[in-house]
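Chemist: requesting a structural model of the entry that follows:
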Amino acid sequence: MNKLQAMEVFVQVVDAGGFSRAADLMQLPKATVSTLIQQLETSLSVKLLHRTTRQVSVTADGAAYYERCLRILSDVKDAEESLSRTRLSPSGRLRVESPTGLAGEVLVPALPAFFERYPDIQLELGSSDRPVDLIEEGVDCAVRGGALGDSTLIARRIGIVNFVTCAAPSYIAKYGTPQHPRDLERHRCVNYFSAKTGKIYDWDFTKDGERIQVPMPGVIALNDSNAYVQAGLAGLGVIQMTDYLLLQHVRDGRMVQVLPEWTTDALPIHIVYPQNRHLSAKVRVFVEWVAELFANHPGMRLRTPPHSLPEAA
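Modeler: Predicted structure coming up:
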């Protein structure tokens, strides 16, 4: 018995829900499909499938073996790709997750260049500020900001983002301009909370060796970066957000930077992927492309404090 072929047939039978359909899809005789499944069950000494005259269903052992087969077959395919011409022209479906702001402002505008280089990749780009379980949700790789909590993932640092503090002109006209971070305790601030823990993030400020990190008073907290910026534009309060999301608004005069002489902690950006997918040609080229994109993006570079955005024209 060809064990690898038997695994492929077993996966196809489960996916197709029957022997006949699987045989048609694989262009094999039905008897061959049935024989391979029987030989596989014999070699494993377990029953993988329940068979009736009307349907085929997977057993508990079969379901567990099915998941293992998927990973093994994926690894074999990735290994073959890495040594084949697909290294130069990778193809297939690629599922990527990214924070909302990074997806909309950085990744999507640059994708035409990516598809010029890799036209045979079908990209599925999910954008959310919630943490995503890559294995559970079938994600090939993800762009993440901040400290990494999952040590089982392979991570590559590809850049950093800087933060600035801003407010809408309408807010400043009503409440004035804070001159010191402590002044914000008497202002209205828009807070941001973790989609994973629900914890509201403190704000931090540094100047000439003095560091201030305090919770900010506010009447609203959000966990989506786009909604957060919109809250600032609406004059709901002072916001502290990544500079690449606020730069154009400052240039247009829709936002005003406050406390420009105070810096905030930069956020490291990584791209992460499961260990069992590190050989995939399409994942590899996407990782390299994103790393190159961030290296050439002005919003992802280290800056010497203080960090001030250009003023409105």
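Chemist: so Leu123 makes contact with Pro112?
Modeler: No. Distance between Leu123 and Pro112: 11.8 Å, which falls outside the contact criterion (CB atoms under 8 Å). All C-beta atoms are positioned from the backbone trio N, CA, C, and that covers glycine.
Chemist: who has more neighbours, these two?
Modeler: Counting neighbours by other CB atoms under 10 Å for Leu123 and for Pro112 shows that Leu123 has the greater number, 16 against 9.
Chemist: what pairs with the more buried one across the strands?
Modeler: In this structure, Leu123 bridges to Leu94 when assessed by DSSP bridges.
Chemist: and the pLDDT for it?
Modeler: The model reports Leu123 with a pLDDT of 93.
Chemist: who's in contact with it?
Modeler: 94, 96, 111, 114-115 (CB atoms under 8 Å, 6 or more residues apart in numbering).
Chemist: state the pair within those that is farthest apart.
Modeler: Largest separation among these by CB to CB: Val96 and Phe115, giving 13.4 Å.
Chemist: more neighbours, those two?
Modeler: A count of neighbours by other CB under 10 Å puts Val96 above the other of Val96 and Phe115, at 21 against 12.
Chemist: part of a strand, is that one?
Modeler: Yes. Counting by DSSP: H, G, I helix; E, B strand; the rest coil, Val96 is part of a strand.
Chemist: tell me where this protein has strands.
Modeler: With strands called from DSSP state E, the chain shows them at 49-51, 56-58, 92-98, 121-127, 141-145, 153-161, 163-167, 190-192, 203-207, 210-214, 220-222, 239-242, 256-257, 267-274.
Chemist: and those strands as TSV, adding distance to Tyr65?
Modeler: Shown next, in TSV, are the strands of the chain (distance: least, CB to CB, whole Å):
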stretch	distance to Tyr65
strand 49-51	10
strand 56-58	9
strand 92-98	24
strand 121-127	27
strand 141-145	27
strand 153-161	25
strand 163-167	48
strand 190-192	44
strand 203-207	50
strand 210-214	51
strand 220-222	44
strand 239-242	45
strand 256-257	58
strand 267-274	20
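Chemist: quick one: closest of these to Ala22.
Modeler: Among the strands of the chain, the nearest to Ala22 by CB to CB is strand 56-58 (9.0 Å).
Chemist: domain assignment for this structure?
Modeler: Here the domain parsing of the chain from automatic domain parsing is 3-83, 89-159+269-299, 163-257.
Chemist: do you know which of those domains lies nearest Thr263?
Modeler: Set against Thr263 and scored by CB to CB, those come closest in domain 163-257, at 5.1 Å.
Chemist: how long is the closest one from one end to the other?
Modeler: End-to-end distance for domain 163-257, by CA to CA, to the nearest Å: 11 Å.
Chemist: tell me the pLDDT of Gly235.
Modeler: We note a pLDDT of 94 for Gly235 in this prediction.
Chemist: ok, now Arg211?
Modeler: Looking at Arg211, its pLDDT stands at 91.
Chemist: ditto for Ile154
Modeler: pLDDT, Ile154: 85.
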